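K.L.:
pasting the structure only:
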Ligand SMILES: Cc1cc2nc3c(=O)[nH]c(=O)nc-3n(C[C@H](O)[C@H](O)[C@H](O)COP(=O)(O)OP(=O)(O)OC[C@H]3O[C@@H](n4cnc5c(N)ncnc54)[C@H](O)[C@@H]3O)c2cc1C
Ligand code: SF4
Ligand code: SF4
């Protein structure tokens, strides 16, 4: 039997993204997702994880394994793009409800779809994340049962999130639900689906945003430090929304408030504090989702505020059917078609990352560090050619990062301990 990889090895190798699925599998007595002093959500082992749970975690942890869509399962006649994967419908649109459209991160596509899932009775619950009411700069998993709750959880949470901490309890409850989250969360759910038949029957829809990477909490802490504000004073920390992209807005108890534009927040990549797993993410575009929903600013970034739009990519028969029903019910409004090359223009960073990834992984293997098994995502065929200077740049860059110790993480400690 192959040796199992421990949670400590996954974390200390920099491969954990903090999704929370290992806590859900091993149980909170053994594993608890905690905020570390470095501002990352990571699994703290409070008691030894039993071998059966660890074996399952080894098969589903998105830090160790991601397997792309099965080519045989892709229905004939639907488009497949080397960069973007399965593309059934790709359209521009937005939520039909103007309040959702305004308050949500972009066009309210995900909130519109999730609300429709509840209103139409297709599911009873939606698992996603929201601002922690007690610590609004942080996020926590939440289960919405009404469209109002879904709307309250709309918007992008750019810091650490662990949406899957209660995933197995939802399976045990036995009621149909939908999941909305990041692509890596859906990748973990899809891997679990291969091991546990309840996932396919109960987690009926898996929707995701398209993701440029999740920051450590330090990104938000830096912002507060610049304002001279302590975290306990914060009553609102909204990253975007109330417009597209809307402002990052911070409110504190004494009534003061600050706003920052999207450009002020994200123009300087040096301030992002991205987690290492995001730098080697094989599927930031949600190839395993039923519907992936993304920003659609030509050139890759906003030049001002707009009324709120999304691009939608339906990837499965279930996603296709849901999308059509949501449009028919007015929950989603379609503005026009989108081609794969327009998606490239909306998301140039995703194209660069996909082309770089095989070289980054090669660098990890050459450096002899624990390297995940990312399969069926066309990383080799889509990679920069060996004679392209960007190939060597990515290969050498990751090896230097490894040699300098910047990909390693400390053993997990709880913030404040
Ligand atoms: C970390 C991060 C990076 C992103 N990078 C990109 C990118 O590179 N390109 C791009 O097109 N879009 C990116 N987005 C997504 C973008 O901000 C919008 O969320 C997306 O366009 C969907 O818009 P919407 O109006 O449909 O979302 P909404 O209707 O506001 O719905 C957002 C949904 O996502 C859930 N959610 C929010 N944050 C998280 C999180 N951290 N983890 C799990 N679930 C979450 C919420 O619970 C909510 O259900 C990113 C979002 C995040 C959180
Ligand atoms: S990525 Fe998820 S499943 Fe893997 S160790 Fe981290 S929290 Fe656990
Ligand atoms: S970039 Fe990938 S690993 Fe990082 S949060 Fe996004 S989907 Fe997850």
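P.N.:
Nice, I can see it. These numbers were taken from a predicted model, which means no experiment stands behind them. Ligands and ions are numbered 1, 2, ... in the order given.

K.L.:
so which bits of the stretch 251-400 of the chain are right by ligand 1?
P.N.:
Within the stretch 251-400 of the chain, the residues that sit near ligand 1 (C-beta under 6 Å from any ligand atom) are 293-295, 310, 347. Using the backbone N, CA and C atoms, a C-beta is placed for each residue, glycine as well.

K.L.:
among these, which lie within helices?
P.N.:
Assigned to helices by DSSP state H, none of these qualify.

K.L.:
distance to ligand 2, neighbour count and pLDDT added to these, as CSV?
P.N.:
Formatted as CSV, those follow (distance: C-beta to the nearest ligand atom, whole Å; neighbours: other C-beta atoms under 10 Å; pLDDT from 0 to 100):
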residue, distance to ligand 2, neighbour count, pLDDT
293, 22, 27, 98
294, 23, 26, 98
295, 25, 23, 98
310, 27, 30, 98
347, 23, 24, 98
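
K.L.:
where are the low-confidence patches of the stretch 1-150 of the chain?
P.N.:
Low-confidence segments of the stretch 1-150 of the chain (pLDDT under 70): 1-2, 73, 75.

K.L.:
enumerate the residues of it near ligand 1.
P.N.:
Residues of the stretch 1-150 of the chain lying near ligand 1 by C-beta under 6 Å from any ligand atom: 104-111, 114, 128-130.

K.L.:
between the two ends of stretch 184-204, how far is it?
P.N.:
Its start and end residues considered, stretch 184-204 measures 17 Å (C-alpha to C-alpha, to the nearest Å).

K.L.:
now swap in stretch 249-261 and tell me
P.N.:
Using C-alpha to C-alpha, the end-to-end distance of stretch 249-261 comes to 9 Å.

K.L.:
thinking again about what came up before, export the residues of the stretch 1-150 of the chain next to ligand 1 as JSON lines, with columns for secondary structure and distance to residue 286.
P.N.:
Formatted as JSON lines, those follow (DSSP: H, G, I helix; E, B strand; the rest coil; distance: C-beta to C-beta, whole Å):
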{"residue": "104", "secondary structure": "coil", "distance to residue 286": "17"}
{"residue": "105", "secondary structure": "coil", "distance to residue 286": "15"}
{"residue": "106", "secondary structure": "coil", "distance to residue 286": "15"}
{"residue": "107", "secondary structure": "coil", "distance to residue 286": "16"}
{"residue": "108", "secondary structure": "coil", "distance to residue 286": "17"}
{"residue": "109", "secondary structure": "helix", "distance to residue 286": "12"}
{"residue": "110", "secondary structure": "helix", "distance to residue 286": "11"}
{"residue": "111", "secondary structure": "helix", "distance to residue 286": "16"}
{"residue": "114", "secondary structure": "helix", "distance to residue 286": "15"}
{"residue": "128", "secondary structure": "strand", "distance to residue 286": "14"}
{"residue": "129", "secondary structure": "strand", "distance to residue 286": "16"}
{"residue": "130", "secondary structure": "strand", "distance to residue 286": "20"}
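
K.L.:
circling back: next step: the residues of the stretch 251-400 of the chain next to ligand 1 restricted to strands.
P.N.:
Applying DSSP state E to these, the entries found in strands are 293-294, 310.

K.L.:
the residue in the stretch 151-300 of the chain that ligand 1 sits nearest to: neighbouring residues, count only.
P.N.:
Scanning the stretch 151-300 of the chain for proximity to ligand 1 using C-beta to the nearest ligand atom identifies residue 212 as nearest, at 2.7 Å. By other C-beta atoms under 10 Å, 21 other residues sit near residue 212.

K.L.:
quick one: it is in a strand?
P.N.:
No - counting by DSSP: H, G, I helix; E, B strand; the rest coil, residue 212 is not part of a strand but coil.

K.L.:
i'd like the first residue to be 141 from this point on
P.N.:
Noted, 141 is the first residue going forward, which turns the last one into residue 352.

K.L.:
who's in contact with the most centrally placed residue in the chain?
P.N.:
When C-alpha atoms, centre = their mean is applied to the chain, the residue found nearest the centroid is residue 322 (2.0 Å). Contacts for residue 322 (C-beta atoms under 8 Å, 6 or more residues apart in numbering) come out as 301, 303, 348-349, 351, 354.

K.L.:
now with 10 Å, please.
P.N.:
By C-beta atoms under 10 Å, 6 or more residues apart in numbering, residue 322 lies in contact with 157, 159, 202, 269, 297, 301, 303, 328, 348-351, 353-354, 418, 421, 423-424, 426, 429.

K.L.:
in helices only, show me these.
P.N.:
Using DSSP H, the members of the contacts of residue 322 that fall in helices are 328, 418.

K.L.:
out of the contacts of residue 322, which are close to ligand 3?
P.N.:
Checked against ligand 3 using C-beta under 6 Å from any ligand atom, the contacts of residue 322 yield the following neighbours: 157, 351, 353-354, 418, 421, 424.

K.L.:
just the buried members of those residues?
P.N.:
Neighbour-count burial (16 or more other C-beta atoms under 10 Å) is assigned, among those, to 157, 351, 353-354, 418, 421, 424.
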